[in-house]
Structure formats: structure tokens, C-alpha cells
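Colleague: Next one to model:
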Amino acid sequence: MMQKVRAWLDAVLDRAERHPRIAPVLQLADENIVLGVVAGGVLFLLIGLIGGAANRGFAGLLVGGICGALFGAAAGGFAGHLLPSRDGETSVDIDVAEHPEGYVSGEAISGYLVINSKRNSRINGGSVYLTCRAMFVHEVSNEADGSQAELVRSTKTLHMQELPIVPSGLLRRNMPVRYPFRLVLPDDPVPTHHGYGCAVRWTLSARVDGTAQPLGQAHTEMLVRSSVATGAGMHAERVTTSSVAGELALALQHTTFSEGETIRGRVIVSPSEDFAATEIRAMLLRVENHPLGNDTIVYINGWNADTGRYRGESQPGGQGTTYVWLEDEADLGTDVRFSLGEKRLYDFAFDVPQQWRPTFATDDGTVTWRVVAALSRANGQDMRVHQGITVHTAAPRVARVMASSTEEEEVG
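Modeller: Next up is the predicted model:
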């Protein structure tokens, strides 16, 4: 019933707004107030007419009608002022230029907050927000009943910036308004990271408030690139490990890479005796760590992003909760026999995934990358060596400039 009455009042208001003399008056107030004045005035006008005529005749009819209409208009206007706007009447949008490569530290994010309403609406102000939130996952197991470990997610706000730009006033129907804004990223922002155990997201949001509730909200993710110092990690690195059987070395051209760049390296086996290896391989690992948990390392071998469930092997070790993701691997040899003094070289290459998962570190969690070389033996000690690398999401042109100084270097 109330919906039919409201629809009838809306139709009357629409007709009135098309009248050249009435429209300017209606545009001076929130339509909820106008509707309240009209509905209250008509209702109490009828009550006043009936009551006045019954008690005082024609004179009572006039007095009762006038007093009822005035009282009803005042009461209806006040009620309309408190009445919240209907859902969908006001739209709020954030208009920013496309920035597919993301923003860097200290860069300004500029755009417009666009507000449009299907009805004349009173607004009490509005703001634009730039927020950085980090989400971390760690495992908690119930040792008392021996149940399976549960995943606990925690969220922390790393940065919050508010810019009030919308003044209080009347928003006229079907007349979009645009408010410019400019927000500046901090000098050393935590970069966007779309991981699973650790995730960092920057959000540009806006909220416009009405009299009794928010009229509309909008959200959009902003991609923030990681930074890298010029020349950092651009020299060759070599790490080794030794055993009775010999030496295993891992050599990389450099240790800083942008997403999409190719990691080129070499595994070097220098035997000090004759032995057989069942497998030689190189791996690219991404390691997510949260300081909370039961000092567990989880080696992931399957993940369902829709359900948030994973398959993996859990082992004691590390600090807090550590998730190890196999991003890529190269089989360099199987069932290989080595002879004393016979050095062998195995080249490999990995493409760093372009998934916005750079290296980063906060007090609540870290993400690191490493290249691992492993040699397995059936009847002897396995050998393993690893080199940490830095993966960044700086602009590709920056990576090319940095790499140009080492293009002639050879891995030895």
C-alpha cells in the first residue's frame, strides 16, 4: 500500500516539476521533504475538514482545514527530513584516468568524484579515502583434540588518508556534479601484492552522506608498484655447498628482477668422488611468512583460489607460519653418474610471473623469492643450495635500464 502511495506521490511530483512556475520552488528542497509536506498536508487537511465541520459547521470546516493543512505540512516536512533516501536513487562514481602500470611512491592520484541523483536530495558531505590494507594468513592447530590446523586471517590497515571534498547542500535531480580530488602516495609505500597467505591492496573509495545514512559509496583498487634502487642486485652472484661427494654451485647473472623478466642461471656440479645422482633440478620459490602460528612450514602443491583451500605438506620449522609456493621448476637431469674431477654445467631459465607479487616486508608478514638448486642421491646425502632474489613491479623501462649495464656479463 505504501509503495502505491509513494508511486502516486512521485507521479504528482514529476508532473509538478514540469510546470515552469512550480519547478524552481521544488528544487529548493529535498524531495523527501516535499513529499512529506504534500502527504502530511493533504492527510491533515482532510482530518481538519471533517473534524471542523462536525463540531462548528462551515466556520469549523474552514478553520479546521487550514489548521490541519498547516500542521500536516509541518509534521510531514519534518518526517520527510528524517526519512532516508531509497536505495539506488543516488549514484557515486570515482573517475580516474587508467593507469595500468600502477603508481609509484610520492605520485599523485588525481580524478573526480561524480555524484548523480534521481531525486533532489540533501547531502551532509562526502570524502575520498586512500587506504592500504594487508591481509595475512597463519595456521592454528588444536593440540588438545588433534584436529586439523585451521587458517586464521588477520587484516591490518597500513595507510589511511581522507580528503573531505563534498560540502553539505542540496543535490538536484539528474544534474551530476563533479568534485576534483588529489591524493599523494607516501614516500615508501608497501606495494600491491596479490598473494594468498600475504596480500596487500590499495583502495580508492568514496562515501557521500545523507541526513540519516550514506547516500552512496564507491570503491576501486589502485595498483602501487614496488620501488628498486638503481643498480641494486645487478651484479652476478654465486653460492655453493659442499659434501663428501663434491660441490654444488648456483650462479645467477643478477639478483633483482622485474615481473615478466627472465631469470638465467647455471647449476655447477664439481665431484670429488664418483657418485650417482637420481635427480638434478632448479626451482623458483615464493615464500610467504607470518610471525604468528606454530612454527610450521607448509609446502604448497595445490591451491583453489575460489574456496581458499590448499593441498600441501606441513613440517615443523621456521618462525610462525611459512608457506612455500613452487612458481616454476626445471628438470636438469635424471639418473646421472659423475666421475671424480668431471665438472658439469646445467643452464636454466625462469620467467618471473606477472601477477603483482613482488618482494615486500612488514612487521606483520614478509614475501621473499629464492632460486634453489637441488641434487638428490639414492644412497647418499642430498645437496641443496639457494640464492635469495628480489622481485619488483617497477616500470618495465626501469628494469631495462638497470639490466643494460649487465647485458655483457656471463655466468661463470
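
Colleague: Where do the helices of this protein begin and end?
Modeller: Secondary structure of the chain, counting by DSSP state H: helices at 2-17, 23-26, 31-82, 396-404.

Colleague: which of those helices has the lowest average pLDDT?
Modeller: Least confident of those, judged by mean pLDDT, is helix 396-404 with a mean of 45.

Colleague: isn't residue 367 right next to residue 285, touching?
Modeller: No - with contact defined as C-beta atoms under 8 Å, residue 367 does not reach residue 285; the gap is 11.1 Å. All C-beta atoms are positioned from the backbone trio N, CA, C, and that covers glycine.

Colleague: These two: which has the busier surroundings?
Modeller: residue 367 (24 against 19; other C-beta atoms under 10 Å).

Colleague: pLDDT value on that one, please?
Modeller: For residue 367, the predicted pLDDT is 94.

Colleague: Kindly report the same for residue 232.
Modeller: 70.

Colleague: Could you list everything the residue lying closest to it once chain neighbours are set aside pairs with in the sheet?
Modeller: In this structure, residue 232 finds its nearest non-sequential neighbour in residue 256, 5.6 Å apart by C-beta to C-beta, 6 or more residues apart in numbering. Beta-bridge pairing for residue 256 (DSSP bridges): residue 390.

Colleague: Counting neighbours, what do you get for residue 256?
Modeller: 21.

Colleague: what about residue 102, distance to residue 109?
Modeller: 11 Å (C-beta to C-beta, to the nearest Å).

Colleague: what do the two both touch?
Modeller: Common neighbours of residue 102 and residue 109, using C-beta atoms under 8 Å, 6 or more residues apart in numbering, are residue 222.

Colleague: dump the residue contacts of residue 281.
Modeller: Residue 281 neighbours (C-beta under 8 Å, 6+ apart): 329-332, 373-374.

Colleague: Give me the domain ranges for the protein.
Modeller: 2-82, 90-222, 237-404 (automatic domain parsing).

Colleague: and of these, who's closest to residue 229?
Modeller: Shortest distance between residue 229 and the domains of the chain, using C-beta to C-beta, is found for domain 237-404: 8.9 Å.

Colleague: okay, and for the stretch 101-250 of the chain, where does confidence drop off?
Modeller: The model of the stretch 101-250 of the chain has pLDDT under 70 over residues 141-149, 212, 230-231, 233.

Colleague: same thing but 80
Modeller: 118-122, 138-151, 170-174, 211-214, 228-234 (pLDDT under 80).

Colleague: and the residue nearest to residue 96 when sequence neighbours are not counted, how many neighbours?
Modeller: Distances taken as C-beta to C-beta, 6+ apart put residue 111 closest to residue 96, at 3.5 Å, once the chain neighbours are dropped. Other residues within reach of residue 111, judged by other C-beta under 10 Å, total 20.

Colleague: One more: residue 116?
Modeller: Neighbour tally, residue 116, other C-beta under 10 Å: 18.

Colleague: contacting residues for the residue nearest to it when sequence neighbours are not counted?
Modeller: Of all residues not flanking residue 116 in the chain, residue 176 sits nearest, at 4.1 Å (C-beta to C-beta, 6+ apart). Contact partners of residue 176, counting by C-beta under 8 Å, 6+ apart, are 114-116.

Colleague: bridging residues for the residue lying closest to residue 181 once chain neighbours are set aside?
Modeller: Distances taken as C-beta to C-beta, 6+ apart place residue 128 nearest to residue 181, at 4.7 Å, with adjacent residues excluded. For residue 128, the beta-bridge partners are residue 163, residue 206 (DSSP bridges).

Colleague: got a list of what residue 128 touches?
Modeller: 94, 113, 162-163, 165, 181, 183, 204-206 are the contacts of residue 128 under C-beta under 8 Å, 6+ apart.

Colleague: For it, give its distance to residue 288.
Modeller: From residue 128 to residue 288 the distance is 32 Å (C-beta to C-beta).

Colleague: and if you look at residue 219?
Modeller: 25 Å.

Colleague: ok, now residue 299?
Modeller: Using C-beta to C-beta, residue 299 is found at 12 Å from residue 288.
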